[in-house]
Each structure stands twice: as C-alpha cells, then as structure tokens.
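Peer 1: model this:
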Amino acid sequence: MTKTMTNSLVVHPMVKFQRQVKSLVNSKVVQAEDRIWKIAFLFGDDWSHWRQELEDFEFSMQDPISHLLAVESWDEE
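Peer 2: The predicted structure is shown next:
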C-alpha cells in the first residue's frame, strides 16, 4: 500500500509550468536571460492565471526566466 501512495504524488501546478518554460528555453523559443513577460505571448489566454501564480510567488514580469527555472521547490507557506 505504501508503494501505491508514493506513485500517486500530486505535482504542484507550478512544476508543470516550470517544465513547459524549460522546454521553451531548450527549444530556443526563448532564452533564459529573457524577461518573464516574454513568455506571456506563448501562453495566450492562460497567461493571466500564470501571471497571478508567478506574482503570488513574488516574481516580477521583469525577472529573467532563469530565476523561474532556478526554483527547486514550489511549496506554499
């Protein structure tokens, strides 16, 4: 039963978002040095949600994407 529980861990939505952004950097759509606001165009209608999430974690749209990618844990306090 313990094994089943460890396999069903829920991934924080910001982890999924971070993976998407990392994929954009890896595919050279954006660069890690670019400002976060630059990815707004790529997320379209979903951007207002992600912007609010980022601001809740005290990110500025002027921060470089590399700061977003450097986060190791998205635990909310």
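
Peer 1: Name the spans of this structure whose pLDDT lies under the cut-off.
Peer 2: Under the criterion pLDDT under 70, the flagged ranges of the chain are 1-8, 76-77.

Peer 1: one more time with 50
Peer 2: 1-6 (pLDDT under 50).

Peer 1: Show which residues not belonging to the lengthiest helix in the chain make contact with it.
Peer 2: Looking across the chain with DSSP state H, the single longest helix is helix 13-26. Outside helix 13-26, the residues that touch it by Cβ atoms under 8 Å, 6 or more residues apart in numbering are 30-32, 39, 42, 50, 53, 57, 65, 68-69, 71, 74. Yep, even glycine has a C-beta here, placed from its N, CA and C like the rest.

Peer 1: would TSV of those with distance to R19 and neighbour count be doable?
Peer 2: What follows is the contacts of helix 13-26, written out as TSV (distance: Cβ to Cβ, whole Å; neighbours: other Cβ atoms under 10 Å):
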residue	distance to R19	neighbour count
V30	14	17
Q31	17	12
A32	14	15
I39	13	23
L42	14	13
W50	13	18
E53	14	14
F57	16	12
I65	13	21
L68	11	20
L69	10	13
V71	12	12
W74	12	15
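
Peer 1: right, and the pair among those with maximum separation?
Peer 2: Q31 and W74 (22.7 Å; Cβ to Cβ).

Peer 1: Narrow the contacts of helix 13-26 to those in strands?
Peer 2: Among the contacts of helix 13-26, none falls in strands (DSSP state E).

Peer 1: Go ahead and flag the most central residue of the protein.
Peer 2: Q18 (2.8 Å; Cα atoms, centre = their mean).

Peer 1: how about V11, secondary structure?
Peer 2: Counting by DSSP: H, G, I helix; E, B strand; the rest coil, the backbone at V11 sits in coil.
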